[in-house]
Every structure is written in C-alpha cells, then in structure tokens.
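In: Can you look at this prediction? I've put the sequence above it.
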Amino acid sequence: MKNETIIRFEGVSKQYDEAAPVLDSVSFEIERGKFYTLLGPSGCGKTTILRLIAGFTEPSNGSIYFNGKVINDVPANKRQVNTVFQDYALFPHLNVFENVAFGLRIKKMKKGQIEEKVKEALRFVNLEGYETREITEMSGGQKQRVAIARAIVNEPEVILLDEPLSALDLKLRTEMQYELRELQRRLGITFIFVTHDQEEALAMSDEIFVLNKGQIQQSGTPTDIYDEPINRFVADFIGESNIVPGTMVKDYLVEFAGQQFECVDKGFLPSESVEIIVRPEDLVIAKRENGKLQVKVDSQLFRGVHYEICCYDEAGNEWLVHSTKKATVGDEIGLDFEPEAIHVMRFNETEEEFDKRLESYAGESHAN
Ligand SMILES: Nc1ncnc2c1ncn2[C@@H]1O[C@H](COP(=O)(O)OP(=O)(O)OP(=O)(O)O)[C@@H](O)[C@H]1O
C-alpha cells in the first residue's frame, strides 16, 4: 500500500571538501507512517542522510522536500523531526522526567501540560514510575527508552534513529528491535532507522535503502531485497550468497559451471555474460548422481541450527550450502536446486532497469 510522500530527496549531493562526494545525486521518497532503514557499510553516507533530513547540515546540490515544500534552508529547530542518537545524548545531571520534558520546557509549554505529555511518553516506552530516577541509575536499554520518549514527546512527524541499538548486548538488542517496531506501529509516526546490521534491517523494516559509496544501490521491502538483489554488492551485503559467473543462453536457460540450467529469468541479450546468485539455504545435498551440480566437500562447520558446508565444482567455483544434514569432507556429492533458486544478475543494471525487467515477468509462466 502506498502512503502519501512525507520526505523526498531530489538529486541530493553532499561534498564536505575537495574529496569525492559523500552522497552523489541521491533521489528517494519516504512515505508517511512507515518504518524505513538506511543500511550500508561504515562511511557509506547513512548518517549524512539523517543529518540532511534533521537540518544539521545542508546539501551541496539538489533539493529536500518535506510535505511537498523545499526545506533546504529551514533551520533544524523548525523541522517536524526528532533524532535519537547512538549514544542517546541524554543529560546526565537531569532525572528521567526532566530529560523527557526538556524540549517542552524550551517551547515554554504549561506545567500541567508538560506533566501529562511526559507521563504519556513514558507510558509508551514502558517506563511509568521511573520519573524521578537519575539517568546514571538506568540500564542501557532503559536509557534507550528515555531517549525515545524524549523524541516522541515532541510529537514529530518523523523520528530519525542513528544506530540506536548498537550499544546494547545481543539479547537486549533483539528485545529492543521488537519494542521499537511495535512502538512505531502504535504511534504511526514515520521512523528512519540507520544500521549496518543486515539482520536488524530485515527484521524491522517496511522498506530498506541499501547504500554504498554515496549511492542507493537498491530500495525495497526486506523480501524484495533478500530474494532479488540487484547487484553483487547487495547480494553480498544482505545474507550470504554464492555468486558465480555465467552466460545467458536464451530466455529461461542459463549456463554456469560448464552446464546449462533452467531458470526463471529472461530479457537478456543472447550469450550475455551475467552473474548467478544462489542462496546457501536453497541448495539441497543429494547423492552425486541425483544432483544437478556435482561438487566435492571441502570443509564443514556446525552452526547450531545448520551445517555450513563448503564445496567446489569441477570448474573451480566455490559453493556454500546451509544444510541440516551433515556431509563428509572429501566426499563427491550432488547439489539440487529449483529453477527459482537461481537469480541471474546483469552487470551494471540500474534499479529502474532492474524493476522493469522484474515487472515484465509478472504473472508469466516460464515453462517452455
Ligand atoms: N563533517 C564532516 N567533514 C568531513 N567529512 C565528513 C564529515 N562528516 C562525515 N564525513 C565523511 O563522510 C563519509 C560518510 O559519513 P557518514 O557518517 O554519513 O557515514 P555512515 O554510513 O553513517 O558511517 P558509520 O556507519 O560509520 O556511521 C565518511 O567518509 C566521513 O568520513
């Protein structure tokens, strides 16, 4: 379902000095009421996008729209946006109530109203009764909730969250992921969340923007991005992938590892060089003669839920397999897979060309 657009970047670039631009003509739309995640490796420009939305820095080029109006020159304190920072940026000398009330006092709101709003915000983040606690007496997860209460008490249209869970241990982090997602649903406020953790992005988001080197590589729902990565970077960054070189023989037939395989892709040039992605969990271990691909088991690791098995085919390609069945190192085995497990990627395809190609498959049977 498409909601109304709340933020739009149109050809936005950001260059700090003579160095290469941190963001290079980035365009995207954010819809009201959804949970967005900016995902990418360190230094790819995620925080810069948040700072541009918050008004802490200005674009070198391009326009930023908020509710249809250009806001390039609107100061940060006049924007309907609040930020939750990685280190929470709470005031250690103030108690929980005063931390949350801070913004409302600056706005000179009446005392009774402040009390009502702070109480409501603390109720939202399950911190009722903690009003008089000192910040220094709160745990990491509780501080996180205070920081969120401080953002929502201002009733912003958008909340920006810059790696807000990165300081927490794994268990608490998972709990807070559920809590944040639930809170966003209850509040209906647009959340823009920054992380470099792909599992976190997949678990929490309505929409993910995958960034690398100052550009959005791909945007879409978690399943879109996991199932149909647009290029090698996205395939590698999101989950684990086998990526091998291949050639498109014709529509629905691709060659790799010296053999031809049925696939569900079309729209390539005859004999076009492509890259093939197969997820490790889509490969099934079989007897050598029953597998579509013959491989030799090179090594194996037990990962708790599954075995991670590394194999090589006769062409020298490495194949990673996730299997609940154990293999034996040195054995010659077969790998079986469905045509749908093969994802064919074109070199240097733009997101627009990629979307068009996928749309052209819709409702079609590939059987021929
Ligand atoms: N004020 C600044 N002056 C100069 N360069 C900057 C400034 N702020 C950020 N940069 C550079 O811009 C690039 C992108 O930074 P940004 O903080 O947006 O990345 P990020 O994706 O959020 O990274 P991380 O995950 O490490 O926080 C980095 O190379 C960084 O060094």
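Out: It's in.
In: going forward, measure contacts and count neighbours with C-alpha atoms only.
Out: Will do.
In: What's the local residue count around I106?
Out: For I106, the count of nearby residues is 8 (other Cα atoms under 10 Å).
In: right, is stretch 40-50 up against the ligand?
Out: Yes. Against the ligand, stretch 40-50 shows contacts by Cα under 6 Å from any ligand atom at 41-48.
In: Adding pLDDT, write those residues out as a markdown table.
Out: Putting the residues of stretch 40-50 next to the ligand into a markdown table (pLDDT from 0 to 100) gives the following:
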| residue | pLDDT |
| --- | --- |
| P41 | 92 |
| S42 | 90 |
| G43 | 89 |
| C44 | 91 |
| G45 | 93 |
| K46 | 94 |
| T47 | 93 |
| T48 | 95 |
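In: could you pull out the strands for the stretch 51-200 of the chain?
Out: 61-66, 69-70, 81-84, 158-162, 190-195 (DSSP state E, counting those that start in this stretch).
In: Between those, which one is closest to the ligand.
Out: Across the strands of the stretch 51-200 of the chain, the ligand has its closest neighbour in strand 190-195 (7.0 Å, Cα to the nearest ligand atom).
In: related to what we said a few turns ago, mind putting the strands of the stretch 51-200 of the chain into CSV with mean pLDDT and mean neighbour count?
Out: Formatted as CSV, the strands of the stretch 51-200 of the chain follow (pLDDT from 0 to 100; neighbours: other Cα atoms under 10 Å):
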stretch, mean pLDDT, mean neighbour count
strand 61-66, 97, 19
strand 69-70, 96, 14
strand 81-84, 89, 24
strand 158-162, 94, 24
strand 190-195, 95, 24
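In: Flag every residue of this structure that's near the ligand.
Out: 16, 22, 41-48.
In: If we use 8 Å, what do you get?
Out: 15-17, 22-23, 40-49, 163, 194-196, 211, 214 (Cα under 8 Å from any ligand atom).
In: what sits against V274?
Out: Residues near V274 by Cα atoms under 8 Å, 6 or more residues apart in numbering: 245-248, 344-347.
In: Now the buried members of those.
Out: 246-248, 344-346 (16 or more other Cα atoms under 10 Å).
In: Including distance to D355, could the strands of the stretch 51-200 of the chain go into TSV?
Out: Below are the strands of the stretch 51-200 of the chain laid out as TSV (distance: least, Cα to Cα, whole Å):
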stretch	distance to D355
strand 61-66	24
strand 69-70	28
strand 81-84	31
strand 158-162	28
strand 190-195	23
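In: In helices only, show me the buried ones among the contacts of V274.
Out: Judged by DSSP state H, helices contain none of the buried ones among the contacts of V274.
In: Which residues are in contact with the residue nearest to Q86 when sequence neighbours are not counted?
Out: Nearest residue to Q86 in three dimensions, chain neighbours excluded: P164, at 4.5 Å (Cα to Cα, 6 or more residues apart in numbering). Residues near P164 by Cα under 8 Å, 6+ apart: 84-88, 144, 194.
In: which among the residues you listed gets closest to R32?
Out: For these, the minimum distance to R32 (Cα to Cα) is 17.3 Å, reached by V194.
In: number of nearby residues for the closest residue to A149 other than its chain neighbours?
Out: Distances taken as Cα to Cα, 6+ apart place A121 nearest to A149, at 5.1 Å, with adjacent residues excluded. By other Cα under 10 Å, 24 other residues sit near A121.
In: my guess is A121 meets N154, correct?
Out: No. A121 is beyond contact range of N154, at 9.3 Å (criterion: Cα atoms under 8 Å).
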